[in-house]
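> could you work out the structure for the sequence below:
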Amino acid sequence: MITIPSPDLVEQLQAEREQRREQLATLIRGADPSGLSDEQRTAAEQHRQRLADLDERLEEITEQQSRQAQSEQAFGRLLSTPRVDGSTNTREAPTCWLPGLGEFREMRAEQRAIGTTGAFIPELASAQYFDLLRKRTAVLAAGPVLIPVESGGSIRVPLVSSSVTVAGLAENAQITPGDPGLGDIVLDPAKFGAMTLVAREAVEDSSPQLREVVSNSLVRDVAVELDAQLVTGDGTTGNLTGLRNVTGVTAGVGTGTNGGALTFGFLADTLGAYDGANADPDRAAWIMHSRTWASVRKLVDDQSRPIVSIDPTQGVRPTLWGAPVHISNSLSITETVGTSTDCTAILLADMSQVVVASSRQIELSMSEDFAFDSDQVAVRVTCRYDIGVPQPTAVVVTEGVRP
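Presented below is the predicted three-dimensional model:
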């Protein structure tokens, strides 16, 4: 699979290359006529080695960009080819991103010809898949900070663990210096994917409608698992640590020894805890189970009027105090609090403090050999994600919410 470095990285590498060249030239011009000293010779060699590394890296990036452009052109031609039903798959229209079997063979041949291995969805089509995935995944839909990891492995996200001391000062008073506490969290994207066996007839070029059913099923399968990992992952081997299980979050309102039925006060106090944590009011997002949101819609005042006013005839995105509400049925509704076994949790998160790293664009593979005896085609989709919260107090968790 091709991973294209960001334009910012390319600019940084080019700027460093120019800086190294200037430093090397300055070093040589300032040398003694008799030649470079041992120290200068060592420094010059370091500059030359780094320049060679930079040239090699930039050449590699240029080659990757060329391959990616050729791959996207090939993929675009395939998706814009008129179908038997007269339709075309274009970027602007809702599409079935799963190619037909003949298209896949052609795409695989073109990609191998330009030097890539296997078959994958280029960034042009991968963005479409991510949009579908995002709509079905509460955390991604809530708008976290997305960080692409440009190569395999992990990435360190810096954080400030403690601030410097700020104090009022008299005129000409000395300012005492202080250093902030610095740290980081490590994100190591884990692989997630789905595979299905499809009748050969379903992926023939003449069956775009059937392929759309298959592609939507794959999106749904990956989204369900990814949502569970990002929200409720327990951090054990192979699993992410979801928002529900992050250590150091802000505890929401107490709901009683045995939990309690949802009240409007629970929601207001959860928001109060969020404000008390100095979280960003403009980036707040609620995440709750569909059962909880159903209870919210049924809350009434002492005159039986709905507290949350929603026009049932309009498709309005749910919000509470201006913050969007995202539904995740990955949240358990069978948590035990005291003697109650039907409890769940409500999350209110500052999404500017929720970081999601991805080290793989969506990768698609098809195999005609996996299920050769049944004349089926195996279709596999994989991706890699991880989640972290640099400031856990920016996530408020209210537990013990009963129906």
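
> quick one: low-confidence ranges for this structure?
1-8, 64-132, 150-152, 204-211, 309-316, 360-362 (pLDDT under 70).

> so residue 323 sits against residue 348, correct?
Yes. Under the contact definition of CB atoms under 8 Å, residue 323 touches residue 348, with a separation of 7.3 Å. All C-beta atoms are positioned from the backbone trio N, CA, C, and that covers glycine.

> between those two, which has more neighbouring residues?
When residue 323 and residue 348 are compared for neighbours, residue 348 comes out ahead with 27 against 20, by other CB atoms under 10 Å.

> doesn't residue 271 make contact with the more buried one?
Yes. The criterion here is CB under 8 Å, and residue 348 meets it with residue 271 at 6.7 Å.

> okay, and the common contacts of those two?
Common contacts of residue 348 and residue 271 (CB atoms under 8 Å, 6 or more residues apart in numbering): residue 284.

> element containing residue 332, please.
Using DSSP states H and E, residue 332 sits within no helix or strand.

> quick check: residue 199 vs residue 377, distance?
Using CB to CB, to the nearest Å, we find residue 199 at a distance of 8 Å from residue 377.

> looking at those two, which is more packed in?
residue 377 (23 against 15).

> pretty sure that one is in a helix, no?
No. Applying DSSP: H, G, I helix; E, B strand; the rest coil, one finds residue 377 to be strand, outside a helix.

> list the contacts for it?
Contacts here follow CB under 8 Å, 6+ apart; on that basis residue 377 touches 101, 197, 198, 199, 200, 202, 203, 366, 367, 368, 370, 371.

> that one bridge partners, please.
With DSSP bridges as the criterion, residue 377 is bridged to residue 198.

> for residue 363, see how far away it is.
Distance from residue 377 to residue 363, by CB to CB: 17 Å.

> would you point out which residue is most central in the chain?
Central residue of the chain (CA atoms, centre = their mean): residue 356, 4.2 Å from the mean position.

> identify the contacts common to residue 323 and residue 348.
284, 285, 286.

> for the residue nearest to the centre of the chain, which non-adjacent residue is spatially closest?
Once flanking residues are discounted, residue 356 sits nearest to residue 144: 4.6 Å by CB to CB, 6 or more residues apart in numbering.

> next, count neighbours for residue 278.
11.

> and it, helix, strand or coil?
Per three-state DSSP, residue 278 ends up coil.

> swap in the one 4 residues further on?
The assignment at residue 282 comes out as helix when based on three-state DSSP.

> how far away is it from residue 347?
When distance is defined by CB to CB, residue 282 is 18 Å away from residue 347.

> more neighbours: the two, which one.
residue 347 (26 against 10).

> so the more buried one sits in a strand?
Yes. Assessed by three-state DSSP, residue 347 belongs to a strand.

> once you drop chain neighbours, what's closest to it?
In space, and not counting its chain neighbours, residue 347 is closest to residue 287: 4.2 Å by CB to CB, 6+ apart.

> tell me which helix or strand comes right after the helix or strand hosting residue 325.
If you go by DSSP H and E, residue 325 is part of strand 323-327. For strand 323-327, the following helix or strand on the C-terminal side (DSSP H and E) is strand 335-337.

> can you tell me the strand partners of that following strand and which way each runs?
Applying DSSP bridges to the sheet, strand 335-337 is found paired with strand 340-350 (antiparallel).

> list the buried residues for the partner strand?
Burial within strand 340-350, assessed by neighbour count using 16 or more other CB atoms under 10 Å, is assigned to 340, 343, 344, 345, 346, 347, 348, 349, 350.

> biggest separation within those, which pair?
The most widely separated members of the buried residues of strand 340-350 are 340 and 350, with 29.1 Å between them, by CB to CB.

> thinking again about what came up before, next up, identify which helix or strand the residue nearest to residue 347 is on.
strand 284-288.

> that strand vs strand 340-350, what angle?
Interaxial angle of strand 284-288 relative to strand 340-350 (axes from the mean of the first three to the mean of the last three CA atoms, to 10 degrees): 160 degrees.

> who touches strand 284-288?
138-139, 142-143, 231, 243, 271, 274, 296, 320-328, 331, 344, 346-351.

> so which elements touch the longest strand seen in the chain?
The longest strand of the chain (DSSP state E) is strand 355-371. Contact partners of strand 355-371 among helices and strands, from 3 or more CB pairs under 8 Å, 6 or more residues apart in numbering; DSSP states H and E: helix 101-113, helix 123-135, strand 145-148, strand 155-162, strand 181-187, strand 190-199, strand 376-388.

> tell me the secondary structure at residue 28.
helix.

> wait, doesn't it sit right on residue 44?
Yes. Counting by CB under 8 Å, residue 28 does reach residue 44; the two are 7.0 Å apart.

> please say which of the two ends up with more neighbours.
Neighbour count, other CB under 10 Å: between residue 28 and residue 44, residue 44 has more, with 16 against 12.
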